[in-house]
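Asks: the following block contains a protein sequence and its predicted model.
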Amino acid sequence: MRISYYNGEYVNHDEMKVKSGDRAFYFGDGVYEVVRIYDGRFFTLDEHADRLMRSAEEVMIKGLEREEIIEILHEIKERNGITDGALYIQVSRGIAPRDHGFPDGSKPVIYASIRSSKRPEQQMESGVRAVTTEDYRWLKCHVKSLNLLANVMEKQHAVENGAKETIMHRDGVVTEGSSTNVFMVKNGILFTHPADNLILNGITRLEVLKLAEENDIPFREEGFTVSDMSEADEVFYTSTTQEITPVINIDGRKVGDGSVGGTTRRLQSFFNKKITELISVKQS
Ligand code: PMP
């Protein structure tokens, strides 16, 4: 039986009942995280827990305990016996009659679940197509908010145009993908949007920047335009579940020579090494 956690209880996932006053349900009033496990080991769990706490703080959700989050994630992993997959955890502001203002005295409601998934080997190997559109989201994109309607619309735009991801821009400056961070490589230098309020500072983004630093790949956290991107040698996007995915075609035009670039390949291999190291720690 698949076990999830909701509002203080471990429950049968298929029969779980959501409280009608849960503000996640009415308003998307909450924050969330997705955490990857490889061979039973959490990848960058501390970073995800820290970001969840920061997101909660940004939207003034009070009373969340970091240790409780960690404990629930471990418990969900163990109870479901899944070794390769992704955990989802969301925290809503609480349960109360529908009213926009924060309710008095409500406690945050935690939901967590897990599902097994494989690494996206094929797309990481061959690369994907992307399309671009205007980024019309709010100005707190650094918060991992449950409100994902704009991101959902942007992703659907990709689906309807035979692409895997939509790369968004504000006044021409590339911000991020609908559920990923975007990088380009030009003349051997890696570029990505700075971690300000216009993007989610992805945990995978930070891992890639760390790997670039450790391996002497020059990088700049600097905005670049859609036009710059159209002249890039390489483009890729990153996320917890998509890892480092090369983009070989944008808006119907080839990126570089249309094959996966050397810097992208190097970063993918460094990232793979991290995962191998994580797995081997368990076995020793
Ligand atoms: N940007 C957005 C808008 C996202 O939804 C995500 C994935 N949740 C990311 C970037 C990538 O973040 P991470 O590497 O932490 O998964």
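Replies: Happy to help now that I have it.
Asks: who is the residue of the stretch 1-150 of the chain found nearest the ligand paired with across the strands?
Replies: Among all residues of the stretch 1-150 of the chain, residue 34 sits closest to the ligand, at 5.8 Å; criterion: C-beta to the nearest ligand atom. In short, each C-beta sits where N, CA and C put it, glycine included. Beta-bridge pairing of residue 34 under DSSP bridges involves residue 88.
Asks: show me what contacts it?
Replies: Residues in contact with residue 34 (C-beta atoms under 8 Å, 6 or more residues apart in numbering) are 48, 86, 87, 88, 240, 241.
Asks: element containing the second one, please.
Replies: Using DSSP states H and E, residue 86 sits within strand 85-92.
Asks: hmm, that strand touching the ligand?
Replies: No: Strand 85-92 does not reach the ligand (C-beta under 6 Å from any ligand atom); its nearest approach is 9.6 Å.
Asks: neighbours around residue 178, how many?
Replies: For residue 178, the neighbour count with other C-beta atoms under 10 Å is 23.
Asks: check residue 65 too.
Replies: Burial measure for residue 65: 11 neighbouring residues, criterion other C-beta under 10 Å.
Asks: measure it to residue 72 for me?
Replies: Going from residue 65 to residue 72 by C-beta to C-beta, to the nearest Å gives 10 Å.
Asks: residues in contact with residue 191?
Replies: 183, 184, 185, 219, 220, 222, 224, 228.
Asks: what's the pLDDT at it?
Replies: For residue 191, the pLDDT comes out at 98.
Asks: which SS class is it?
Replies: Here residue 191 is recorded as strand under DSSP: H, G, I helix; E, B strand; the rest coil.
Asks: in the sheet, who's paired with it?
Replies: Assigned bridge partners for residue 191, using DSSP bridges, are residue 184, residue 220.
Asks: the chain should start at 288 in everything you say after this.
Replies: Yep, numbering from 288; the last one is residue 478 now.
Asks: return the distance of it relative to residue 424.
Replies: Distance from residue 478 to residue 424, by C-beta to C-beta: 21 Å.
Asks: neighbours around the nearest residue to residue 479 once chain neighbours are set aside, how many?
Replies: In space, and not counting its chain neighbours, residue 479 is closest to residue 470: 4.6 Å by C-beta to C-beta, 6 or more residues apart in numbering. Neighbour count for residue 470, taken as other C-beta under 10 Å: 28.
Asks: what sits against residue 470?
Replies: 477, 478, 479, 492, 495, 522, 523, 524, 525 are the contacts of residue 470 under C-beta under 8 Å, 6+ apart.
Asks: residue 454: what secondary structure?
Replies: Following three-state DSSP, we place residue 454 in the strand state.
Asks: surely it meets residue 418?
Replies: Yes: taking contacts as C-beta atoms under 8 Å, residue 454 lies within contact range of residue 418: 7.2 Å.
Asks: out of those two, which sits in the more crowded spot?
Replies: Counted by other C-beta under 10 Å, residue 454 and residue 418 do not tie: residue 454 has more neighbours, with 27 against 20.
Asks: what's across from the more buried one in the sheet?
Replies: Beta-bridge partners recorded for residue 454 (DSSP bridges): residue 419, residue 464.
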